[in-house]
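> Here is a sequence with its predicted model. Questions after.
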Amino acid sequence: VNIASILTLLAIVIPLNLAIAMNFTDKRLIVAAIATALVSAILYPYFKSYFYKLANKYFFVSLYDEREVLSKINRELGDTLDETELYERMAKIINQAFHASGIAVIVKDSKGRYVIEYSKGIKLAHHKIVRNDNEVISFFNNKTDIFVFEEEQKNNPKKFKDALERMNRHGIKLLIPLKTKNSLSGAIALGEKFAKDVYSKEDLQVLEIIANQSATMVENARLYSELRGFNEILQKKVDAQTKDLQKKNIHLEKLLKMRTEFLDTASHQLRTPISIIQGLSSMLVEGAYNKASAKERKEVFNDIFYGAKSMNHIVDDILQAAECDTSKDFSLKKLITDVSIVDVVEKIVNDFQVLAKKQKVELIFKHPKKFPLVRASEKHLKHIISNLINNAIKYTPSGGKAVIKLSDEKSSKKIKFQVEDTGIGIPKEDLEDIFDKFKRGGNAISMNANGSGLGLFIAKQLVKAHPGGEIGIESKLGKGTKVWFKIHKASSSKNVWI
């Protein structure tokens, strides 16, 4: 019961009731009643402090009922496992009974650290890890008593010097141990009373019982919180694994789709050169060209040769695409050497001249007289250049031309290879994903061109596998296509005279 509040209220109400009872006939009484009410309201804080002090010293039983306090502890702390809620309820019950200026709850976590889980009115930061004080812990491990600041300052000032200094600095007057299974699991820290007097013997007895009853509840709440945290972490891991499985399923679906596309493309593209080789070989076996001229027979042999070469090129593309796909971090770093790109291009251009003449496409190679070496895997560089030149010839109608250029980009320390044709071009809507597997421009079917559908995909993968490699494409429908790539020059090489 708040005695100060009751007395203050009576001081205001009684004079006013008297005035009302007398029908306000005595003006002096009315003025006195109002004045009394105002003075009582002004002096209320002082009355409150005085009666708190008076109640703590002389009216202990009337301030709180021990059984009611302990009943509240059991009832209100026993029906929650939420740490924050439990500490707030505990603090409220203790403050209502003892009117402490501050309270903090310190709990031992799973790592053996003492952590401030609740703090109000005491200069202790929430969730701060408390420095383990071996003397105080030893005190609690050997005794069940409450650590009282005044008593220990008087009886053991040297033994607990550091602990007492910290308690004084933070405004702590009591440390009440929380013990479970004879082990220290934490402590309740209380500040001084509002009335400024010491905690009585009866106070300490009740607080000790409160701590004993609360210790198990605090420990259960801590374990529940850790379990909930573990469940949340576990759920996150399950969610992550589920997402990973979903991604893998999507990836698997893509792989199955790619396999289907590959089988369709491979069977179609391989069938053409095989049919050419098989048909011409059969005619030779049957003697259809026995009486043919040398020129005619040479053309047949050339067709068989280029059919076999085309089939070999398709197989190479398929194997190379598989290597790019199956290697998680596909890289050519270990294969990089200094290479004369001019020599590589000249050889490839010469090899493709026969096909270009057959298609009636002019194949031109332009380069400076002196040109630097490049840092590249020669084998894979040949594959890149062959694919780009092959595409330029295949998709350029008769009478067109394909121009190969090499340029030294001195500002970027790279060289640029470029193939520009006057072919059918690529529709704008197909340019964005033209480097994807099996992707061709929507108009490519008009050229009846054989191939794996992997040429540009492989070219991009191999260029990117070279350190600093870049590749790009520009095209206008019906006007032609320009494909280029850039790779690093050999840093220590000088320009080579060609």
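Thanks, I have it. Residues are numbered from 1 along each chain as shown.

> C-alpha from now on. contacts and neighbour counts both.
Will do.

> Which parts of the stretch 201-350 of the chain are helices?
Assignment of helices within the stretch 201-350 of the chain using DSSP state H, counting those that start in this stretch yields the ranges 201-285, 294-326, 341-359.

> got those as TSV, with mean neighbour count, mean pLDDT and distance to Ala97 columns?
Putting the helices of the stretch 201-350 of the chain into TSV (neighbours: other C-alpha atoms under 10 Å; pLDDT from 0 to 100; distance: least, C-alpha to C-alpha, whole Å) gives the following:
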stretch	mean neighbour count	mean pLDDT	distance to Ala97
helix 201-285	15	79	9
helix 294-326	16	78	73
helix 341-359	16	93	91
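
> what would those helices look like in JSON lines with distance to Ala163?
Listed next are the helices of the stretch 201-350 of the chain as JSON lines, based on distance: least, C-alpha to C-alpha, whole Å:
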{"stretch": "helix 201-285", "distance to Ala163": "20"}
{"stretch": "helix 294-326", "distance to Ala163": "64"}
{"stretch": "helix 341-359", "distance to Ala163": "78"}
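
> For Phe435, which of those helices is the nearest?
When the helices of the stretch 201-350 of the chain are compared by C-alpha to C-alpha, helix 294-326 sits nearest Phe435, at 12.2 Å.

> What mean pLDDT does stretch 440-454 get?
Stretch 440-454 carries an average pLDDT of 67.

> So what would you say the end-to-end distance of it is?
Distance across stretch 440-454, first residue to last, is 9 Å (C-alpha to C-alpha, to the nearest Å).

> Just tell me which of the helices of the stretch 201-350 of the chain ends up closest to Ala490.
Short answer: helix 341-359, nearest of the helices of the stretch 201-350 of the chain by C-alpha to C-alpha, at 11.0 Å.

> relative orientation of that closest one and helix 294-326 in degrees?
130 degrees (axes from the mean of the first three to the mean of the last three C-alpha atoms, to 10 degrees).

> just how off-centre is helix 341-359 within its chain?
50 Å (C-alpha atoms, centre = their mean, to the nearest Å).

> same deal with stretch 465-475?
With C-alpha atoms, centre = their mean, you get 30 Å for stretch 465-475.

> Using PDB, write out every CA atom in that stretch.
The C-alpha atoms that make up stretch 465-475 are tabulated as PDB, following Å, rounded to 0.1, in the frame of the first residue of the first chain:
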ATOM      1  CA  ALA A 465      39.400 -18.500 -70.200                       C
ATOM      2  CA  HIS A 466      42.300 -16.400 -71.300                       C
ATOM      3  CA  PRO A 467      43.400 -13.800 -68.600                       C
ATOM      4  CA  GLY A 468      41.800 -10.500 -69.600                       C
ATOM      5  CA  GLY A 469      40.000 -12.000 -72.600                       C
ATOM      6  CA  GLU A 470      37.100 -10.000 -74.100                       C
ATOM      7  CA  ILE A 471      34.700 -10.900 -77.000                       C
ATOM      8  CA  GLY A 472      31.900  -9.000 -78.700                       C
ATOM      9  CA  ILE A 473      29.600  -9.000 -81.700                       C
ATOM     10  CA  GLU A 474      27.900  -6.500 -83.900                       C
ATOM     11  CA  SER A 475      25.500  -7.200 -86.700                       C
END
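
> what's the closest of the helices of the stretch 201-350 of the chain to Lys120?
Smallest distance to Lys120 across those (C-alpha to C-alpha): 17.4 Å, for helix 201-285.
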